[in-house]
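Engineer: sequence unknown, structure follows:
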């Protein structure tokens, strides 16, 4: 009896979680696929996917989504690396800076969008500061459909501000796994900080950098509320289209098509990353 | 003596410069993070009409609670805050009830398939759960869970569960297994050993996991918006009102969404690294 | 009171076999030491007795009861852990009384027994402290007191002294020995420290790779090791071994030949000559060797000599006159030699 319960126990403890995840992730994933390719009558059809492909916003949506990823992710990695390396130098009070840098971790992309709206709106703080410093002579309009560059810049800044925290936390955790001896050894051999970072720290940090890159890219595909907050419907992105097709037009099929597109892109990107970066299973696990 | 001092001073200088550089850049980055909070605070604690004043005051000389009051008295805001809290609490209960046992199993046992389970949990942590909202909305309509606090809480639990499993695994791993084994040799069953020894010691960590779950749920926009019509959570309400509402309403809403997050992150700062990094 | 009987215990972890069919009996009131290098399975065996590991095959009896399928709490055992496992969120008093509370011992009796247990280990001044306020030695005593007050007939200890510093360990070792004499519980004690094992055990079971190589009283183990492994593991310095081959009633090693009563062993067999350091004298005739190092240790001097290329330790009087690089001859009584098979390492019957 004792032996049997002992053997079954771990599985019994894990089962509820796994069933829950299956019910709320696996099954809906299949249903999303079916919604996109199956008509209400039960027939399989590509009509919804075709309608999505000719939708006015379709091309803009996927282009903008990719554009934002290309701009945001590298910026975040650099910013986060700077924060992580600073924190890891363990200067006096570094824990407080770690806390401050991590605060945006708890901010939704909607709230982040609104925070930066206060900055970028026409009568906002950016214009106040710029005019105060004499950089511009009158308030400029950053967030309008005529100023695509302004919209993109605002979104990139807001997203970099918000989601850098996740990358930073991953990197700090990764840096802590590197034994202090490595840093001291590098010092002993006369490497200065830059050389130490380039030749000792970064190679050792590679696994963390890779997982940060993957996680951030996957999440960047879901960017939507920050875009809606700053650009409204002037800048279509995939997730926002999915939202709007369901919330405004009540069309689950088209919404699911966009969701499926998102899922497909996510999977392709992850796969490409794993291929290109040559990740081994052991590294993903971290 | 003078020779020694002369030899030392450039090095001291380099040291000082080093510190200036480190603190300087650390503070600069901290300002980058903190200034937007300050600005939303200024915006939220002004008068509704102040959104049109320009240039904006950069110092908190003219604070007022008028905007916040107007926001909180607006239709639906109070109810949505209640909904948000209800959803978050439900999410905590569900995801801890399911996730903590799993975290315990991963922390305590070596068993066949352990690696596979870990991989599944990690993969679902990265899975874009929001995408599932649309098929779930269809399913929930049929099940009567659409526009329902429990329905949103279920989706939020699915998002939070992988985190809860990993954090609680870390928490339980921090409580030595020998303590529970000692309790078992002293007359406890596995359950009573857990309740009397592991649980009290794991409580702070579990509280941190609960707080983080709260933050996940409190912040979630996509699923909440898709899955609700009238029973909106605060982010769903703000998002829904984004097109029509005046700026001051958005700023007040933004501030209201941000505040608890800052406080909660403070309380779980010790466990930050467990969420994304580490084992 | 109760003894312990193990029959054919097998325990595997995945593909590795930690315990390979061990049968062992511990008599009522006996102090048995499980001794072996790390990874030999000694702790696993102890945990099997405690019920913290389930066995893959075999039965375990405590007294007359088959406890193989019982959880730890129904086995009537008490255990002291290597990390002490003192509950950090309870005072010393609650720690010692924990087991009794679980057994729902009435309060007055519980308090009396906690007092007794605390007295036995000189813990009275610390009863209301938390473990964080105690030293390592005090925590170790709390763990022992907590186990003793259970009045379980069987006491299991997993390297309870290994986390103490050297001086404290000597003191605690003497304390544990005294306690065992006073309470006479059947005790199974796991250690990797052969000095600890020699000084405490009524019998020592030497384990290696999941098998018990020999289980006998300490001095028996010392003088008649059942194998090269036991001879090498027990004693400081360990037993010396010289390799050679039997030939025409003699043992021929590298650069020496010793007469044997060859009637016992057939010609051409590879053997090991085992001899303890204190049984070797520097003599006129014997095995030729060259002195490498002389280490005065106070009461005696430890001399390392080379026989061919094999280092041999010799316990010499502290005023020995041998010097490094000196050529010497090693002499010993034939009766002190332990012959082992060179391939299996097993001792030859004598």
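Structural biologist: Yep, that arrived. A quick note: this is a predicted structure, and the numbers were derived from the prediction, not measured.
Engineer: contacts only, for residue C:279.
Structural biologist: By CB atoms under 8 Å, 6 or more residues apart in numbering or on different chains, residue C:279 lies in contact with C:332, C:333, C:336. C-beta coordinates here come from the backbone N, C-alpha and C atoms, glycine included.
Engineer: again, only this time at 10 Å
Structural biologist: Neighbour list for residue C:279: C:223, C:239, C:240, C:314, C:315, C:331, C:332, C:333, C:335, C:336, C:337 [criterion: CB atoms under 10 Å, 6 or more residues apart in numbering or on different chains].
Engineer: so which residue of the stretch 151-300 of chain C comes closest to chain B?
Structural biologist: Closest residue of the stretch 151-300 of chain C to chain B, CB to the nearest CB: residue C:156 (7.8 Å).
Engineer: ok but that residue is inside a strand, no?
Structural biologist: Yes. Residue C:156 sits within a strand when classified using DSSP: H, G, I helix; E, B strand; the rest coil.
Engineer: so how many other residues sit close to it?
Structural biologist: 28 (other CB atoms under 10 Å in any protein chain shown).
Engineer: same question, residue A:79
Structural biologist: 19.
Engineer: find the residue closest to the residue of the stretch 151-300 of chain C closest to chain B in space, skipping its chain neighbours.
Structural biologist: residue C:79 (4.3 Å; CB to CB, 6 or more residues apart in numbering or on different chains).
Engineer: cool, residue B:209 as well?
Structural biologist: Closest residue in space to residue B:209, ignoring its immediate chain neighbours: residue B:167 at 4.4 Å, by CB to CB, 6+ apart.
Engineer: list the contacts of residue 165.
Structural biologist: I went with chain A, as the question did not name one. A:76, A:79-80, A:83, A:100-107, B:33, B:265, B:272, B:276.
Engineer: my question was about chain C
Structural biologist: Residue C:165 makes contact with C:136, C:137, according to CB under 10 Å, 6+ apart.
Engineer: swap in the one 5 residues further on?
Structural biologist: Contacts were defined as CB under 10 Å, 6+ apart; by that measure residue C:170 touches C:161, C:164, C:195, C:196, C:199.
Engineer: rewinding a little: the one helix or strand the residue nearest to residue C:156 maps to: which residues count as buried?
Structural biologist: For residue C:79, the host element (DSSP states H and E) is strand C:77-80. Residues C:77, C:78, C:79, C:80 are the ones in strand C:77-80 that count as buried (16 or more other CB atoms under 10 Å in any protein chain shown).
Engineer: so which elements touch the following helix or strand past it?
Structural biologist: Following strand C:77-80 in sequence order, the next helix or strand is helix C:92-102 (DSSP H and E). For helix C:92-102, the packing partners by 3 or more CB pairs under 10 Å, 6 or more residues apart in numbering or on different chains; DSSP states H and E come out as helix B:177-185, helix C:107-120, helix C:136-148.
Engineer: closest to chain A out of those helices?
Structural biologist: helix B:177-185 (10.9 Å).
Engineer: ok, now which ones touch the residue most central in space within chain B?
Structural biologist: Closest residue to the average C-alpha location of chain B: residue B:215 at 3.0 Å, with CA atoms, centre = their mean. Neighbouring residues of residue B:215 by CB under 10 Å, 6+ apart: A:105, A:106, A:107, A:108, B:88, B:160, B:260, B:261, B:263, B:264, B:265, B:268.
Engineer: ok, how many other residues are close to the closest residue to the fourth one other than its chain neighbours?
Structural biologist: Yep, that's residue A:108 we're talking about. Nearest residue to residue A:108, sequence neighbours excluded (CB to CB, 6+ apart): residue B:219, at 3.5 Å. The number of residues packed near residue B:219 is 27, by other CB under 10 Å.
Engineer: repeat that for residue C:265.
Structural biologist: Counted by other CB under 10 Å, the residues lying close to residue C:265 total 16.
Engineer: same question for residue C:197.
Structural biologist: Residues lying near residue C:197 (other CB under 10 Å) number 25.
Engineer: out of the contacts of residue C:170, which are buried?
Structural biologist: Neighbour counting by 16+ other CB under 10 Å classes C:161, C:164, C:196 among the contacts of residue C:170 as buried.
Engineer: interface residues of the stretch 51-200 of chain C facing chain A?
Structural biologist: Counting by CB under 10 Å from any CB of the partner chain, the positions of the stretch 51-200 of chain C adjacent to chain A are C:51-56, C:67-72, C:74-75.
Engineer: which regions of the stretch 151-300 of chain C lie under the pLDDT threshold?
Structural biologist: C:261-264 (pLDDT under 70).
Engineer: let me see the ranges of the strands in it.
Structural biologist: Taking DSSP state E, counting those that start in this stretch as the test, the strands found in the stretch 151-300 of chain C are C:154-158, C:186-191, C:203-208, C:211-216, C:240-247, C:250-253, C:256-259, C:270-275, C:281-283, C:287-296, C:300-307.
Engineer: PyMOL command for the buried members of the contacts of residue C:279?
Structural biologist: The following PyMOL line selects those of the contacts of residue C:279 that are buried, judged by 16+ other CB under 10 Å:
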select buried, chain C and resi 239+240+314+315+332+337
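Engineer: what helices or strands is the strand or helix carrying residue A:130 leaning on?
Structural biologist: Assigned by DSSP H and E, residue A:130 falls within helix A:125-132. The contact analysis (3+ CB pairs under 10 Å, 6+ apart) places helix A:125-132 against helix A:109-120, helix B:2-44.
Engineer: that one vs helix B:2-44, what angle?
Structural biologist: Inter-element angle recorded for helix A:125-132 and helix B:2-44: 120 degrees (by axes from the mean of the first three to the mean of the last three CA atoms, to 10 degrees).
Engineer: which parts of helix A:125-132 are buried?
Structural biologist: For helix A:125-132, burial by neighbour count (16+ other CB under 10 Å) applies to A:125, A:126, A:127, A:128, A:131.
Engineer: same list (the buried residues of strand C:77-80) but as CSV, adding distance to residue C:275 and pLDDT.
Structural biologist: CSV is the format used below for the buried residues of strand C:77-80 (distance: CB to CB, whole Å; pLDDT from 0 to 100):
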residue, distance to residue C:275, pLDDT
C:77, 42, 94
C:78, 42, 94
C:79, 40, 95
C:80, 38, 95
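Engineer: I'd say residue C:221 and residue C:202 touch.
Structural biologist: No. Residue C:221 is beyond contact range of residue C:202, at 11.8 Å (criterion: CB atoms under 10 Å).
Engineer: tell me which of these two has more neighbours.
Structural biologist: Legend: neighbour count by other CB under 10 Å for residue C:221 and residue C:202, higher for residue C:221 (27 against 15).
Engineer: spatially, which residue comes closest to the residue nearest to the centre of chain B, not counting chain neighbours?
Structural biologist: Nearest to residue B:215 is residue A:106, by CB to CB, 6+ apart, at 4.5 Å.
Engineer: hang on, the earlier thing: isn't the residue nearest to residue A:108 right next to residue B:257, touching?
Structural biologist: Yes. Contact status for residue B:219 versus residue B:257: in contact at 7.2 Å, counting by CB under 10 Å.
Engineer: between these two, what contacts are shared?
Structural biologist: With CB under 10 Å, 6+ apart as the test, residue B:219 and residue B:257 both reach A:107, A:108, A:110, A:111, A:112, B:84, B:234, B:235.
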